[in-house]
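K.L.:
Curious how this folds, go ahead:
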Amino acid sequence: MSVMKRVSLIFRAKADKALDRMEDPRETLDYSYKQQVEMLTRVRRGVADVATSRKRVELQMTSLQKEIAKRTTQAKTALEQGREDLARAALQARGQLEQQYDDLQAQYTQLQDQEEKLTLASQRLDAKVQAFRTRKETIKATYTAAEAQTRINEAFSGISEDMGDVGLAIQRAEDKTAQMQARAGAIDELMASGALDDMVSGPRDDIQAELDRMGAGHGVDRELEQMKAELAQGSAPRQIESTPAGSSDGATTAPASAASTAETGEPE
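P.N.:
Numbering: from 1, shown residues only. Model (predicted):
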């Protein structure tokens with residue numbers, strides 16, 4: 001295959017694909033229906049033209065009938081007056097008129113047959129056009145409903161172009177929000193650590209900041225000591241209760257130890 005043939009084939013394929021994407025079946029159906037209506041109009045116009053020609057021939061035939069009758073009367077009158085030559089001329093003229101009448105009669109019959117055929121064709125074509133119109137509207141309604149359902153499904157699934165743009169916008173907004181939150185948190189941490197100064201509250205006092213930090217640490221230490229004391233006070237009654245009230249061993253051992261200490265002056 002030559003280069004030009006390949007280029008031509010590619011161009012036709014791409015053009016066909018583009019046209020197929022641009023084509024709307026509803027518009028195609030409407031255009032086809034319009035063409036059929038125009039065809040039906042031409043057929044009806046043809047029927048009217050044939051009927052007009054038939055009527056014209058009919059008028060000519062009526063005129064010839066009158067002329068033939070006139071020539072017959074003239075021939076009789078000429079014979080009555082003894083003018084055989086005039087009678088012969090009248091009869092010859094009547095013969096020519098009769099020949100013309102016969103030709104018009106054949107033409108009239110032909111036009112009448114043609115008019116009947118065109119009328120029947122017009123009726124059949126009109127029935128087909130009406131049937132096509134009904135089917136066209138049904139197909140258009142079905143296509144419109146399917147198109148709407150497709151767009152709804154694409155919107156719900158997020159694969160449509162519009163919803164895809166919305167999804168990207170939401171994603172970008174969420175990313176920017178997360179970035180701003182991270183930046184705000186980082187700035188707070190830097191300000192708390194002293195790496196950044198608070199330009200609104202004025203210059204930063206490092207000594208006061210250290211004193212505040214130490215004061216906050218002492219406050220925590222005092223709170224821990226207080227919590228330990230409360231825990232110790234709460235556990236003392238439970239230790240006393242755990243010793244049996246009627247125990248004789250503990251009472252005997254304590255005085256003996258005290259006496260031994262008093263005598264020796266040293267604890268055992």
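K.L.:
so what's Gly265 scoring on pLDDT?
P.N.:
pLDDT for Gly265: 43.
K.L.:
Repeat that for Asp206.
P.N.:
63.
K.L.:
Please apply the same query to Ala141.
P.N.:
On the pLDDT scale, Ala141 is placed at 90.
K.L.:
other SSEs contacting the one helix or strand it maps to?
P.N.:
Secondary structure from DSSP states H and E places Ala141 in helix 84-157. Contact partners of helix 84-157 among helices and strands, from 3 or more CB pairs under 8 Å, 6 or more residues apart in numbering; DSSP states H and E: helix 25-80, helix 161-193. No exception for glycine: its C-beta is placed from N, CA and C like everyone else's.
K.L.:
residues touching Arg26, list them.
P.N.:
Neighbouring residues of Arg26 by CB atoms under 8 Å, 6 or more residues apart in numbering: Lys140, Tyr143, Thr144.
K.L.:
Tell me where the model's unsure across the stretch 51-200 of the chain.
P.N.:
154-167, 191-200 (pLDDT under 70).
K.L.:
Next, the buried residues of stretch 63-82.
P.N.:
For stretch 63-82, a neighbour-count test (16 or more other CB atoms under 10 Å) marks Leu64, Glu67, Ile68, Arg71, Gln74, Ala75, Ala78 as buried.
K.L.:
Could you save those residues as JSON lines and add columns showing distance to Gly95?
P.N.:
Converted to JSON lines, the buried residues of stretch 63-82 look like this (distance: CB to CB, whole Å):
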{"residue": "Leu64", "distance to Gly95": "12"}
{"residue": "Glu67", "distance to Gly95": "12"}
{"residue": "Ile68", "distance to Gly95": "9"}
{"residue": "Arg71", "distance to Gly95": "9"}
{"residue": "Gln74", "distance to Gly95": "13"}
{"residue": "Ala75", "distance to Gly95": "11"}
{"residue": "Ala78", "distance to Gly95": "15"}
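K.L.:
Noted, bye for now.
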